[in-house]
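In: just need the structure, nothing else, for what follows:
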Amino acid sequence: MELKLILEAILFTAQKPLTPHEIRGLLNTTAEQSEDESATPFKKVPEANILAALEELHREHEAAQRTYRLVCVAGSWQFVCQPDYAPWLKTMVGHKLRPPRLSQPALETLAVISYRQPVTRAEVEQVRGVSVDGVMQTLLDRGLVVQTGRAEVVGRPALYGTTALFLEYFGLRSLEELPAADELRRLPIEKPELLLTVDPHLATAPEEPQLPLADRESFAETASEPAPETVPPLAAEPAPESAPQPRTPENL
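Out: I've put the predicted structure just below:
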């Protein structure tokens, strides 16, 4: 029995998309619990072999041009129907309530995050040129963006990145399938100055500012010169004594 045929049966019956890791766990559990000896050879199948079999199935279904196809979205595999047959399927299963479409500002903000992640809110605003507070909160509420950590800069702002739901929303297997956007990636962003770590478990302290090299050399030369000797001030000359006046009858 071929591995790809077993995978085809599993995915055709599965109620949700499955990753290669989940499929491998299913194969191992079946080999341990099933009394059918045909399941034993697939007990420890490497994930690389499972992924190769899935890719082969994907090519075969694409070449067959059936009404359904095997796709990988956000790392999980599933069978889906071709979009051309959507009207009849909607009539059969009904319409599902979907959240409203993303606005143009939300799409632009999401594009910046997806191509530049991890990225801070301030860096997104530098690229877009406007405030993104409200738009960012919408993306967080929709589960398309999530906080991934904090930047090692002054203030330790939050870093943001896209989620697996983002890949599902746009039908992408991974971020590598994003359309080329070299211009967006090359757009320069001014980064805040890094901090000098005082202790890995404590807060950080900013680095002390330094004088330019020319000023430091001039300051060093001035500091190395001996201090000039202090010349004591000249003493004030005594006032000349007045000459004695002749004795006259008037001053006797």
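In: buried set for stretch 115-128?
Out: Neighbour-count burial for stretch 115-128, with 16 or more other C-beta atoms under 10 Å as criterion, is recorded at 115, 116, 118, 119, 120, 121, 122, 123, 124, 125, 126, 127. C-beta coordinates here come from the backbone N, C-alpha and C atoms, glycine included.
In: and residue 70, how many neighbours?
Out: By the criterion of other C-beta atoms under 10 Å, residue 70 has 21 neighbours.
In: start the count at 21, not 1, going forward
Out: Fine by me, first position is 21 from now on; the one you just mentioned is residue 90.
In: sorry, back to before: just the buried residues of stretch 135-148: which are in helices?
Out: Members of these lying in helices (criterion: DSSP state H): 135, 136, 141, 142, 143, 144, 145, 146, 147.
In: wait, the second one touches residue 147, no?
Out: Right, the one you point to is residue 136. Yes: using C-beta atoms under 8 Å, residue 136 makes contact with residue 147 at a distance of 7.4 Å.
In: related to what we said a few turns ago, for the ones in helices among the buried residues of stretch 135-148, give me TSV that also has distance to residue 127.
Out: Shown next, in TSV, are those (distance: C-beta to C-beta, whole Å):
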residue	distance to residue 127
135	13
136	15
141	17
142	20
143	18
144	13
145	16
146	18
147	14
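In: the residues you listed: which two are farthest apart?
Out: 135 and 142 (16.6 Å; C-beta to C-beta).
In: go through stretch 91-105 and flag the buried ones.
Out: Buried-residue list, stretch 91-105, by 16+ other C-beta under 10 Å: 91, 92, 93, 94, 96, 97, 98, 99.
In: where's the fourth one relative to residue 86, distance?
Out: Going from residue 94 to residue 86 by C-beta to C-beta, to the nearest Å gives 23 Å.
In: same check, this time on the last one
Out: Separation of residue 99 from residue 86 (C-beta to C-beta): 10 Å.
In: my guess is residue 167 is in a strand, correct?
Out: Yes: assignment of residue 167 by DSSP: H, G, I helix; E, B strand; the rest coil places it within a strand.
In: what sits opposite it in the beta ladder?
Out: With DSSP bridges as the criterion, residue 167 is bridged to residue 180.
In: that one contacts residue 179, doesn't it?
Out: Yes: in terms of C-beta under 8 Å, residue 167 counts as a neighbour of residue 179; the distance is 6.8 Å.
In: compare those two and say which is more crowded by neighbours.
Out: residue 179 (19 against 11).
In: what are the neighbouring residues in contact with the more buried one?
Out: 137, 138, 139, 140, 167, 168, 169, 170, 171 (C-beta atoms under 8 Å, 6 or more residues apart in numbering).
In: and these, which two are the farthest apart?
Out: 137 and 170 (14.0 Å).
In: for residue 89, helix, strand, or coil?
Out: Assignment for residue 89 (three-state DSSP): strand.
In: show me which of the contacts of residue 179 is closest to residue 42.
Out: Using C-beta to C-beta, the contacts of residue 179 come closest to residue 42 at residue 168, 23.9 Å.
In: okay, now residue 27: neighbour count?
Out: 24.
In: wait, it sits on residue 75?
Out: No: at 10.7 Å, residue 27 does not count as touching residue 75 under the criterion of C-beta under 8 Å.
In: what packs against the helix or strand residue 158 falls within?
Out: Residue 158 is located in helix 153-161, with elements delineated by DSSP states H and E. The contact analysis (3 or more C-beta pairs under 8 Å, 6 or more residues apart in numbering; DSSP states H and E) places helix 153-161 against helix 124-136, helix 141-148, strand 165-170.
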